[in-house]
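Asker: Sequence and predicted structure, then a few things I'm wondering about:
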Amino acid sequence: MAVTDAAIDRIKQMIVSGELRPGDRLPREADLAARLGLSRNSLREAVKALALIRVLEVRQGDGTYVTSLDPALLMENIGFVLDLHQDASVLEFFEVRRILEPAAAERAALRMPDEDIAAVHKLLDDLGPEPSVADLLDSDVEFHRLIAVGSGNRALASIIDSLRQPTYRARIWRGLTQTDAVARTLAEHRAILTAIEAHEPEVARSWATVHIVGVERWIQEAVDLDDPRR
């Protein structure tokens, strides 16, 4: 494993240094192994590992290539890991959302194009004043995705999108059981969007924080009520 780790590190350094760029084909296995001072087996294992995390792409009969290294592609594996922990750690995921989504809203207030803001307005207008829980959740997912994309930071948007699934069931639960959840969500979405449209980054950050904390606090209270020690 240590030899494979060394092989991974050497390939990574070739990418970081710019020697290998997105879309580039790697040298032939025998040539690259000799150049890096590695066995072909170690190099092969390193390539497999880097292909699993979408850094390299092995094309049968054509060779091995560096992927686009697009943040959305590289973040796919985070979503998989989060799915495995969605029941045990939902509050921890909301804590991460509380850190990232206000930052995205703040950046969106500075960077989001007018046409993208108009698209979010249409999303909320199409939902209507009394949506079903299912329709609200679909709109909620798209609302947060658009705001994250509007931040202009693809890595941030990809991370936020990967947090969607682990918190989805908790939001369904809240929508079905908390009396004012629908109305509160609609009002908070409008407040966030208004601040973004007015180019008020601090206000957008504040409303996004309020929005996430409201769900987080409700879940914490629900967990406490279910605790048999209480």
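Answerer: Structure received. Numbering: from 1, shown residues only.
Asker: Where do the helices of this structure begin and end?
Answerer: With DSSP state H, the ranges of helices along the chain come out as 2-16, 29-36, 40-52, 71-74, 76-84, 90-111, 114-127, 133-150, 154-162, 164-177, 181-197, 201-226.
Asker: where does this structure dip in pLDDT?
Answerer: Scanning the chain for pLDDT under 70 picks out 1-3, 72, 74-90, 165-179, 219, 221-230.
Asker: how about a cut-off of 80?
Answerer: 1-5, 53, 71-93, 132-134, 163-182, 215-230 (pLDDT under 80).
Asker: one step back: out of the helices of the chain, flag the one nearest residue 23.
Answerer: helix 2-16 (11.5 Å; CB to CB). The C-beta positions use only the backbone N, C-alpha and C, and glycine is treated the same way.
Asker: could you give the angle of the closest one to helix 29-36?
Answerer: Using axes from the mean of the first three to the mean of the last three CA atoms, to 10 degrees, the interaxial angle of helix 2-16 with respect to helix 29-36 works out to 90 degrees.
Asker: Please identify the buried residues of helix 2-16?
Answerer: Counting neighbours by 16 or more other CB atoms under 10 Å, one finds that the buried residues in helix 2-16 are 4, 7-8, 10-11, 14-15.
Asker: Repeat that for stretch 16-27.
Answerer: By neighbour count with 16+ other CB under 10 Å, stretch 16-27 contains the buried residues 20, 26-27.
Asker: Can you pull the phi/psi pair for residue 199?
Answerer: Backbone torsions for residue 199, taken as degrees, to the nearest 10, come to phi 60, psi 50.
Asker: Can you report how many residues neighbour the closest residue to it other than its chain neighbours?
Answerer: Counting by CB to CB, 6 or more residues apart in numbering, the nearest residue to residue 199 once its immediate chain neighbours are dropped is residue 109, at 5.5 Å. Neighbouring residues of residue 109 were enumerated by other CB atoms under 10 Å; the total is 26.
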